[in-house]
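Undergrad: Here you go, sequence then predicted model.
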There are 10 protein chains.
Amino acid sequence: MAGRSESELKDITLLGNQGTKYLFEYTPDVLETFDNKHANRDYFVKFNCPEFTSLCPMTGQPDFATIYISYIPDVKMVESKSLKLYLFSFRNHGDFHEDCMNIIMNDLIELMDPRYIEVWGKFTPRGGISIDPYTNYGKPGTKYEKMAEHRLMNHDLYPEKVDNR
Amino acid sequence: MAGRSESELKDITLLGNQGTKYLFEYTPDVLETFDNKHANRDYFVKFNCPEFTSLCPMTGQPDFATIYISYIPDVKMVESKSLKLYLFSFRNHGDFHEDCMNIIMNDLIELMDPRYIEVWGKFTPRGGISIDPYTNYGKPGTKYEKMAEHRLMNHDLYPEKVDNR
Amino acid sequence: MAGRSESELKDITLLGNQGTKYLFEYTPDVLETFDNKHANRDYFVKFNCPEFTSLCPMTGQPDFATIYISYIPDVKMVESKSLKLYLFSFRNHGDFHEDCMNIIMNDLIELMDPRYIEVWGKFTPRGGISIDPYTNYGKPGTKYEKMAEHRLMNHDLYPEKVDNR
Amino acid sequence: MAGRSESELKDITLLGNQGTKYLFEYTPDVLETFDNKHANRDYFVKFNCPEFTSLCPMTGQPDFATIYISYIPDVKMVESKSLKLYLFSFRNHGDFHEDCMNIIMNDLIELMDPRYIEVWGKFTPRGGISIDPYTNYGKPGTKYEKMAEHRLMNHDLYPEKVDNR
Amino acid sequence: MAGRSESELKDITLLGNQGTKYLFEYTPDVLETFDNKHANRDYFVKFNCPEFTSLCPMTGQPDFATIYISYIPDVKMVESKSLKLYLFSFRNHGDFHEDCMNIIMNDLIELMDPRYIEVWGKFTPRGGISIDPYTNYGKPGTKYEKMAEHRLMNHDLYPEKVDNR
Amino acid sequence: MAGRSESELKDITLLGNQGTKYLFEYTPDVLETFDNKHANRDYFVKFNCPEFTSLCPMTGQPDFATIYISYIPDVKMVESKSLKLYLFSFRNHGDFHEDCMNIIMNDLIELMDPRYIEVWGKFTPRGGISIDPYTNYGKPGTKYEKMAEHRLMNHDLYPEKVDNR
Amino acid sequence: MAGRSESELKDITLLGNQGTKYLFEYTPDVLETFDNKHANRDYFVKFNCPEFTSLCPMTGQPDFATIYISYIPDVKMVESKSLKLYLFSFRNHGDFHEDCMNIIMNDLIELMDPRYIEVWGKFTPRGGISIDPYTNYGKPGTKYEKMAEHRLMNHDLYPEKVDNR
Amino acid sequence: MAGRSESELKDITLLGNQGTKYLFEYTPDVLETFDNKHANRDYFVKFNCPEFTSLCPMTGQPDFATIYISYIPDVKMVESKSLKLYLFSFRNHGDFHEDCMNIIMNDLIELMDPRYIEVWGKFTPRGGISIDPYTNYGKPGTKYEKMAEHRLMNHDLYPEKVDNR
Amino acid sequence: MAGRSESELKDITLLGNQGTKYLFEYTPDVLETFDNKHANRDYFVKFNCPEFTSLCPMTGQPDFATIYISYIPDVKMVESKSLKLYLFSFRNHGDFHEDCMNIIMNDLIELMDPRYIEVWGKFTPRGGISIDPYTNYGKPGTKYEKMAEHRLMNHDLYPEKVDNR
Amino acid sequence: MAGRSESELKDITLLGNQGTKYLFEYTPDVLETFDNKHANRDYFVKFNCPEFTSLCPMTGQPDFATIYISYIPDVKMVESKSLKLYLFSFRNHGDFHEDCMNIIMNDLIELMDPRYIEVWGKFTPRGGISIDPYTNYGKPGTKYEKMAEHRLMNHDLYPEKVDNR
Ligand SMILES: [Ca+2]
Ligand SMILES: [Ca+2]
Ligand SMILES: [Ca+2]
Ligand SMILES: [Ca+2]
Ligand SMILES: [Ca+2]
Ligand SMILES: [Ca+2]
Ligand SMILES: [Ca+2]
Ligand SMILES: [Ca+2]
Ligand SMILES: [Ca+2]
Ligand SMILES: [Ca+2]
Ligand SMILES: [Ca+2]
Ligand SMILES: [Ca+2]
Ligand SMILES: [Ca+2]
Ligand SMILES: [Ca+2]
Ligand SMILES: [Ca+2]
Ligand SMILES: [Ca+2]
């Protein structure tokens, strides 16, 4: 027996759907949402996404990253299979690492209007150097805006050990 | 010689009991408590629960998670064998990851009326993405409510490395 | 040449003593102290104790834990061999995990009257769940009392990964 | 463009199929195969399966394991989604750890008639002890039978570090 | 539904039994067996036992170890709860590390008459040095005797890193 | 000053070349070689390739793997930048994991005619299970053919720990 | 299709350029920038650089370090290939570890005029001791200056474990 | 070409000096300094020192530790080879762990008059318990004094896992 | 109750003895033995010794190593406290790493006349390079001599990762 | 007191010498030896060298590697400081990874005429792929030649996990 009724699940068209189409050009329209049943409370949802790949906008060479997305939902929550399809849609799209992370956050803000959100990408190295962009956002004029500033100020005081192996 | 007298242990019916029944449909009634002997002091108790499994509410597919539950007791404390049976009761129950974590916290608040509590689930991936919901609570109108807000604001600034292997 | 004179060491009867008796029933009297030579300064001393074992008060089954004890000394400091003997004295004693940690902290407060102290036990699992109690204390009416509250509020935001293996 | 033609994929009914039914009683019939296109060569295929769960046959308590299955195919190869469904079918089935591993290997031998196969289960502890059964098989009267004996003789000379945390 | 019938489980008196008595003096009689249902095949069963403790025979000080026991069953298999009780029975018994490991192996040979068995203890250090005894056995006059010699000859070519922390 | 003369490097057209084209359909022709200067000796060259991605031939969903390629060169050696381009050419190509690994090995045998070669792919999970194919080859009728058989027989006796996180 | 237009990329002369010259004497002029397209937002970019080497100014012996550079861009952002060339230009240059880290930060401030920046070097040991300098900067008279002070005050409360192996 | 001129290096007598004498009795006079060229800025220098050894003042038994020293320089900076010789001078000196750490910090304050300094020793266990003293200091009457208090209050909220192996 | 009788322990003078003298010049005479009670069987005893320190014979600088000693006893076994004192006796003794390991093995052969023994030292680096000597021995004219040759031939095919941190 | 007499050390000119010159063009002449005092015995010496750097022969870009060198000495042994200087002499020299490893082994064979030797380089990635060459040698016509063949045949059955981070 499921905790969600059929009507609560009616907007979800991709999860459990056989005929999934995988799009490899940037397609923000594929994102879907469902309703937050615990909106009385602030809580975090984190997505760990180690299968992100895009292209270098200058050379066309493939890039690879693990992306961590964390947010506090307001009314809408992003459905995870649609998020997967959205991230796959960067596959043959070219952009700088720093731009990709900001675009992903912009699209999710547009989709869900969350209270708070942050996106962190950790890319594999090129020429011995790897790049890890981190961006965040709190709803303007709320305590979540202050939260974003606080988390940025304390961001990554302990960079993970990286030796390129 | 035990530090707890028999009368202090009299409400515990499951720990050490041979005829334990394992229920696999959501059963919050199985939870039991004992008294906090150190209520003069704020202190934390954490449960590490790496054997959580439930079902996807749309597809019926099994999901797996490690759950971390931490709380500051007030008068009542949850007995750990009853907690085990309660978590096992999600075995054949279907719900979204985000809903499960909030339901578990709601049930433990109802049971113990703790000063503070938090619940963090770390699920295995589906389609390359894993989801980690985190929710917390402090008794309204007390310093523990502020504590909950403080801990949420500082939650998970260092996401663990996830590579799906 | 030793940095401590003989007179500074005269209260220590167990360290370096051949006829050590190992007691396996709870014996707080075995604890000994020496003087703090740097009381002008606040500093931490931590004991890592991975060889703690006690009994379950209901079933008599042995329990195992690693205990971390950290404190800021005032006038007296606990001598480490006597601490070892004290912890060994829980060997055949039965008590709940949560009670053991509070009792150990109470005994060390009684012994040393420290400025600040905290005790964290990390037990091995029973039935798939492990329990980690954490308790702390700052001398009432001093800044150390606030320190205790601050450290509790920030306690264990990153639970270690536990998979029972 | 796919490397396998439609006719090569025609026996696969579960992969990519929307209406998947999840069975939670032992169901070896769910297993499916496809043809080995490289039968001229000996090579290994390994499945890592960290989401195995079954029940204790005496107490009904859930058990959890990671299972490693490695085989050298002959004519038939097991399709991985059907393997997933097969392993999920132990969910509400009770058996000893040692029996489960042998049953899984027997079923896969029956299904594929492989040249060589081995199955290793690593379970979570009960009462402080965990159990890891390992069983293997080489086609009788072939060099693969000797291979099985050789691999058993050299099995697990370096047990992984286990501390139940 | 369990894979073992009631008659197959009838000799097991401890597993699932409420009134378990924990004995802390060396008691090999507590060991129990059940029948091997796959005796047509050689396979390994390994027990990981990180909760072993005994006493030093000269000083009475507690010792701690993780023990790894691996065997190939013949007709009889040791039941794991009885093994747990047996290992707990060393709790207040004094013996050298090297002697303990040989005694445990002797008792299990006596109990099960296995085809092959090995026992490896990894103790915590005293005075900066830790001791790891390893002993094994194959049924005399069989290929398992040669197997024991082979495994001893290849034992622990890669000692784990030990830094006493 | 370089250890290789210009004439020794003359067949290499991709390394250091600005106008690199990245092809995303299977293109074995892109592979290039240079001469082995130490052919008097057997030695290994290993490529670690954690950026492999291809598509599922049934669903079109992207797959991800780390590939390990090891070989003993004879006269020709594969140039690493051309190997990178070759592996990138699987990006929009669909095939089973087991087929991809055999195809890669076939192409490298065709290219270099090596004394010995092996290819091991470790994929990320789908539905909780990950697949790791391993295939190898020794020049027929030489000692390297026996080497291939020896290495297969001893392959992966210690599967890495996989928990899908 | 790339997310950056040609005009947005026109100042980048090194990325994708075939005739790259590697300079091994300190050359800050090699650094290049591109425009920040998300200047409305504070966000972090981190470079992980494990391939840094310079010389000891007294003995001429090579030194090795991993450098972590994190900054919040204002109008300009450093292009990563030019950063690589800049760091390589320390190869045959002699300076103390502490001086190198400050010089790198000075040059990047001069180049980009960032809102905030920090540079952390972790060197390999000489004579059993390794040195890790950390320096940071926030634009004077802004909140980023306070951010620098805050991050310094909380810097490296958990030094990584170092055992020189 | 070195970044430091000869005159800036003239006070350094030990680095690069052939006739180094190793002293094994406590000798603070061996410490040397050089000038801070970046005194306009607050920055950290950390020394990782895993080769510290001294003697127990009661038993004469050798003790071993890894020491972490971090400081913010003012005018003077300690030269690392002289620091090495200073730490080696504890080799045959006896003192309690807690005293050694305070003595080292006192000597470095006397030598450099730093803005801030902290010293953390992590010793190997005796009798199953290891001791880790941590002490710090900020110049009295400055913001660095508050920094010391802040860092002490937040010290070691996450004790490293210690299992004595 | 101890498993060894008093008469079996009568030759042990150091274990449990209060007045232990720590000698810091090479003193092989301090080694003591006890009798092997399981001489009917070949088994291994390993000592993990992470607290070894000696001096460089040319410069007098202290060296540090972790030593692993493994042996198959014949009639005599080395007592571990005496081994500790023996290893401490290298503290102020100068010798090359390679010589130290061979000397330790020679002394233990002289003491115990073991069936087989091996000694492996892993030193900390000097100038960026660390040295790990490994030496072994089997009683001449026995199968243990062949065992030594076999283990040398298979020694350390997987060197541990070393990055000097 | 040193275990080596002055006459035994007379050929060593670099160790402990102040005026060390660091050469950055390939210079095999810098290598020095000392006599093996344990030539009656086969034993291994391993050098761990994580600070190797050279240049790409086509592009001039710096490469970085950790090199592991293991050998069984005959009459002569390589002195470690001279080995350090030799490896540093590749700093501004260009060659393929595979060539560097073979050249280093050739030079050490020329220098020492060892019974057995092997050299393994593990490089950092370029373009997402890293290369690890391994070469070995046994004195022709001796059992060490067979040893080389045996070790090559069993080389690296377990490639380390590489994810380029
Ligand atoms: Ca790494
Ligand atoms: Ca899936
Ligand atoms: Ca992982
Ligand atoms: Ca674990
Ligand atoms: Ca249990
Ligand atoms: Ca563990
Ligand atoms: Ca001791
Ligand atoms: Ca360790
Ligand atoms: Ca994992
Ligand atoms: Ca290390
Ligand atoms: Ca001790
Ligand atoms: Ca450890
Ligand atoms: Ca040095
Ligand atoms: Ca390391
Ligand atoms: Ca590159
Ligand atoms: Ca890695």
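TA: Cool, the structure landed. Numbering: from 1, shown residues only, chains lettered A, B, ... in the order given. Ligands and ions are numbered 1, 2, ... in the order given.
Undergrad: CA only for contacts and neighbour counts going forward, please
TA: Fine.
Undergrad: Identify the residue nearest the residue most central in space within chain A in space, chain neighbours excluded?
TA: Residue closest to the mean C-alpha point of chain A, counted by CA atoms, centre = their mean, is A:Ile69 at 4.4 Å. Across the structure, with CA to CA, 6 or more residues apart in numbering or on different chains as the measure, the residue nearest A:Ile69 apart from its sequence neighbours is A:Val119 (4.6 Å).
Undergrad: give me every residue that touches that neighbour.
TA: When contacts are counted by CA atoms under 8 Å, 6 or more residues apart in numbering or on different chains, A:Val119 touches A:67-70, A:101-102, A:104-105, A:134-136.
Undergrad: between the residues you listed, which is nearest F:His38?
TA: A:Ile67 (43.3 Å; CA to CA).
Undergrad: what packs against the host helix or strand of that closest one?
TA: With secondary structure defined by DSSP states H and E, A:Ile67 is part of strand A:62-72. With contacts defined as 3 or more CA pairs under 8 Å, 6 or more residues apart in numbering or on different chains; DSSP states H and E, the secondary structure elements packing on strand A:62-72 are strand A:43-55, strand A:116-123.
Undergrad: what angle do the longest one and strand A:62-72 make?
TA: Pointing back at strand A:43-55 there. Taking axes from the mean of the first three to the mean of the last three CA atoms, to 10 degrees, strand A:43-55 and strand A:62-72 form an angle of 170 degrees between their directions.
Undergrad: If you compare the directions of strand A:43-55 and strand A:116-123, what angle comes out?
TA: When the same axes, to 10 degrees is applied, the directions of strand A:43-55 and strand A:116-123 differ by 40 degrees.
Undergrad: Wasn't A:Met77 part of a strand?
TA: Yes. Remark: A:Met77 belongs to a strand, assigned using DSSP: H, G, I helix; E, B strand; the rest coil.
Undergrad: Around A:Ser7, how many other residues sit close by?
TA: In terms of burial, A:Ser7 registers 7 neighbours under the definition other CA atoms under 10 Å in any protein chain shown.
Undergrad: Give me the phi and psi angles of it.
TA: Taking degrees, to the nearest 10, you get phi -70, psi -30 for the backbone angles of A:Ser7.
Undergrad: Show the pLDDT at it.
TA: Looking at A:Ser7, its pLDDT reads 80.
Undergrad: Bridge partners for the residue nearest to the centre of chain A, pull those for me.
TA: With DSSP bridges as the criterion, the beta-bridge partners of A:Ile69 are A:Phe47, A:Val119.
Undergrad: which intervals of chain A have sub-threshold pLDDT?
TA: A:1-2, A:18 (pLDDT under 70).
Undergrad: and the helix or strand hosting A:Lys84, which residues are buried?
TA: When elements are assigned from DSSP H and E, A:Lys84 belongs to helix A:80-88. When burial is assessed from 16 or more other CA atoms under 10 Å in any protein chain shown, helix A:80-88 yields the following buried residues: A:80-88.
Undergrad: Mind listing residues that contact the next helix-or-strand element following it?
TA: Past helix A:80-88, heading to the C-terminal end, the next element that is a helix or strand (DSSP H and E) is helix A:97-112. Counting by CA under 8 Å, 6+ apart, the neighbours of helix A:97-112 from elsewhere in the structure are A:28, A:31-33, A:73-78, A:117-121, A:123, A:131-136, G:3, G:37-38, G:45.
Undergrad: what does stretch A:46-57 give?
TA: So stretch A:46-57 is contacted by A:61-71, A:87-88, A:90-96, B:128-133, B:162-164, F:64, G:1-4 (CA under 8 Å, 6+ apart).
Undergrad: Tell me the secondary structure at A:Tyr144.
TA: In three-state terms, and counting by three-state DSSP, A:Tyr144 is helix.
Undergrad: now the nearest residue to it once chain neighbours are set aside, which residues is it bridged with?
TA: Counting by CA to CA, 6+ apart, A:Gly138 is the residue found nearest to A:Tyr144 once chain neighbours are left out, at 4.4 Å. Per DSSP bridges, residues listed as beta-bridge partners of A:Gly138: A:Tyr116.
Undergrad: how near is A:Gly138 to G:Arg41?
TA: Separation of A:Gly138 from G:Arg41 (CA to CA, to the nearest Å): 11 Å.
Undergrad: picking up where we left off before, could you work out the most separated pair of the buried residues of helix A:80-88?
TA: Farthest pair in these (CA to CA) is A:Ser80 and A:Phe88. Separation: 12.3 Å.
Undergrad: could you redo the buried residues of helix A:80-88 as JSON lines and give each row distance to J:Pro57?
TA: Shown next, in JSON lines, are these (distance: CA to CA, whole Å):
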{"residue": "A:Ser80", "distance to J:Pro57": "48"}
{"residue": "A:Lys81", "distance to J:Pro57": "47"}
{"residue": "A:Ser82", "distance to J:Pro57": "47"}
{"residue": "A:Leu83", "distance to J:Pro57": "45"}
{"residue": "A:Lys84", "distance to J:Pro57": "42"}
{"residue": "A:Leu85", "distance to J:Pro57": "43"}
{"residue": "A:Tyr86", "distance to J:Pro57": "42"}
{"residue": "A:Leu87", "distance to J:Pro57": "39"}
{"residue": "A:Phe88", "distance to J:Pro57": "38"}
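Undergrad: Turn these into TSV, columns for distance to ligand 5.
TA: Listed next are the buried residues of helix A:80-88 as TSV, based on distance: CA to the ion, whole Å:
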residue	distance to ligand 5
A:Ser80	36
A:Lys81	37
A:Ser82	41
A:Leu83	40
A:Lys84	39
A:Leu85	42
A:Tyr86	44
A:Leu87	43
A:Phe88	44
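Undergrad: Look at A:Gly138 and G:Arg41 and report which has more neighbours.
TA: Neighbour totals were compared for A:Gly138 and G:Arg41, and A:Gly138 leads with 22 against 14 (other CA under 10 Å).
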